[in-house]
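Q: Below are the sequence and a predicted model; questions follow.
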Amino acid sequence: MTSLDDHRTSNTRTEIVKLAQKVRQVIVLSHSKPFLCDLWKERPKGDDSTALRINRAGNGSEIAIWDVQNDSITQHEKNHELVRAYLQASDPTKEREVAVALRPILEGFLRVAYPEHFPPGEILGSFIKECRKRTNKQDQILSKCDIGELDALREYANKFHHANDVEINDGELANFAERTLKFCSRR
């Protein structure tokens, strides 16, 4: 898969799916997880396919069942689920993980919602600064109120972005987690 462009990769998946409908068994080996995940999603529904992976084990390796569905979930989706689960039932063992997930949730949302203003490589502080410059102008990105909320969310999330020794208060974390999800559900 390494030297195939997107078109050839897609055609290869299509041909494998067609072949699987004609024969009793198809074995596909690849180092490309995205290719294998996409192929798994395209397989005929209701078939009895089994996904396996080769894992390192001591000095050798072993074949194990591969949970493709779980492996296909993006980190962004995992962060959302983590925060939603925490809001449903507080788990002190997950507090730091939840606090750390808030900033990537914000950044993921903003990159999709405002791609022309918050492209990959841009930092959240620079985006907020640009929003402030455009407040009450024809090319306004966010309202003054939204900028204030985003900045408050960023400030809270930044406490956990680089430091592991910051004390976490459950009530405060729940408040900022709710506000982060609410902010990221707009547009």
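A: Received, thanks.
Q: Can you give the distance of the worst-scoring helix or strand of the chain on mean pLDDT from its chain's centre?
A: Within the chain, confidence by mean pLDDT, DSSP states H and E is lowest for helix 68-71 among all helices and strands, at a mean of 86. Centre-to-centre, helix 68-71 and its host chain are 13 Å apart (Cα atoms, centre = their mean, to the nearest Å).
Q: Which secondary structure elements does that helix sit against?
A: With contacts defined as 3 or more Cβ pairs under 8 Å, 6 or more residues apart in numbering; DSSP states H and E, helix 68-71 has these neighbours: helix 33-42. In short, each C-beta sits where N, CA and C put it, glycine included.
Q: for the helix it packs on, what is the average pLDDT?
A: Here helix 33-42 scores 88 as its mean pLDDT.
Q: What mean pLDDT does stretch 116-134 get?
A: 94.
Q: Now do the same contact list for the residue nearest to the spatial centre of the chain.
A: Residue closest to the mean C-alpha point of the chain, counted by Cα atoms, centre = their mean, is residue 76 at 2.0 Å. Residue 76 sits next to 104-105, 108 when contact means Cβ atoms under 8 Å, 6 or more residues apart in numbering.
Q: picking up where we left off before, which positions in the least confident helix or strand of the chain come out as buried?
A: Buried residues in helix 68-71, counted by 16 or more other Cβ atoms under 10 Å: residue 68.
Q: Skip the chain neighbours and tell me the closest residue to residue 1.
A: residue 32 (4.1 Å; Cβ to Cβ, 6 or more residues apart in numbering).
Q: For the one you found, grab the count of nearby residues.
A: 13 (other Cβ atoms under 10 Å).
Q: ok, now residue 169?
A: By other Cβ under 10 Å, the residues close to residue 169 number 10.
Q: and residue 26, helix, strand or coil?
A: Recorded secondary structure, residue 26: coil (DSSP: H, G, I helix; E, B strand; the rest coil).
Q: before we move on, which element is the nearest residue to it once chain neighbours are set aside in?
A: When the adjacent residues along the chain are set aside, residue 26 lies closest to residue 20, with 4.6 Å between them (Cβ to Cβ, 6+ apart). Using DSSP states H and E, residue 20 falls within helix 6-22.
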